[in-house]
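**Student:** structure for this input, please:
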Amino acid sequence: MSATRADRRAERAAVRADRSGSGPVLEERPPARFPGAAAKFALFGEVLLIGLLVLVVGALVVTLPVALAAGIRHLGRYVAAEDSRLGLFWRDVRAGLVGGAVVGLVALVIAAVLGVDILLARTGMLPGGVVIEAVGWTGLAALAVALLVAAGAWEPSAGWRQAVRDVPAIIRGDVRALAFYVAAVALVVILTWMLPPLLPAALGCAVLAVVAVPHRRR
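**Tutor:** I've put the predicted structure just below:
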């Protein structure tokens, strides 16, 4: 009886190892495109962890671009079952901190200008206030999407200037992806507005979206 139970435990352990990719496979099959994403609960935990790290690193606001970029690169390595030590996340943060802060500062100034326009439009002091407010919100959404795309395009070897320059080409190359990026931004805004403690989870989901969108089935 004990031998039978031991065999069953070993069989269950082998199945778990096969599904998660942490052990030998039980049968021959083509390798998974994203072996690191096979264990759904572990992936969920990693998304929450990286969302928290993005929140911590991006707490100064101007550091948000480098936080997103480091998080995107980390989750990209994780789902590909590559080396995803947190030390590599912090290495990316250090590599992109200066340039990312400049991008963050420019984005903050633009967001502040658009925010002031929206507030003025709501006071009724400006002619065509409804149109101005709509343009302001559209501009904020476009800024957030551009920030996500640039963070996803950032590479330590190329730098932030190249990442920002690549944004128009990336968007032109996959216009349909805009809907997914806008949905990711909306998710962060709505979840945070509904329940602020969900911000880390929302940021983690946005990071995962940037990783997943370029690889979605066409």
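
**Student:** can we go C-alpha only for contacts and neighbour counts from here?
**Tutor:** OK.

**Student:** biggest helix in this protein, by residue count?
**Tutor:** For the chain, the longest helix by residue count, based on DSSP state H, is helix 86-123.

**Student:** pLDDT on that helix, on average?
**Tutor:** Mean per-residue pLDDT for helix 86-123: 93.

**Student:** for this protein, which segments count as helices?
**Tutor:** 2-20, 40-57, 64-79, 86-123, 129-153, 159-173, 177-194, 199-212.

**Student:** mind telling me which of those the model trusts least?
**Tutor:** helix 2-20 - the lowest mean pLDDT of the helices of the chain, at a mean of 61.

**Student:** returning to that earlier point: list the buried ones in the longest helix of the chain?
**Tutor:** 89-90, 92-93, 95-97, 99-105, 107, 111, 114-115, 117-118, 121 (16 or more other CA atoms under 10 Å).

**Student:** just want the angle from it to helix 129-153.
**Tutor:** Per axes from the mean of the first three to the mean of the last three CA atoms, to 10 degrees, the angle that helix 86-123 makes with helix 129-153 is 170 degrees.

**Student:** gap between the closest residue to residue 177 other than its chain neighbours and residue 205?
**Tutor:** Spatial nearest neighbour of residue 177, chain neighbours left out: residue 213 (6.7 Å); criterion: CA to CA, 6 or more residues apart in numbering. Distance of residue 213 to residue 205, given as CA to CA, to the nearest Å: 12 Å.

**Student:** the two - which one has more neighbours?
**Tutor:** residue 205 (21 against 15; other CA atoms under 10 Å).

**Student:** list the residues that contact that one.
**Tutor:** Going by CA atoms under 8 Å, 6 or more residues apart in numbering, residue 205 touches 47, 51, 184.

**Student:** the last one contacts residue 204, doesn't it?
**Tutor:** No - contact between residue 184 and residue 204 fails when scored by CA atoms under 8 Å: they sit 10.1 Å apart.

**Student:** who has more neighbours, these two?
**Tutor:** For residue 184 versus residue 204, neighbours defined as other CA under 10 Å are more numerous around residue 204 (27 against 23).

**Student:** how far away is residue 195 from residue 90?
**Tutor:** Residue 195 is 28 Å from residue 90, where distance means CA to CA.

**Student:** dump the residue contacts of the residue found closest to residue 202 once you drop the neighbours it is linked to in the chain.
**Tutor:** Nearest residue to residue 202, sequence neighbours excluded (CA to CA, 6+ apart): residue 188, at 4.9 Å. Neighbouring residues of residue 188 by CA under 8 Å, 6+ apart: 199, 202, 203, 206.
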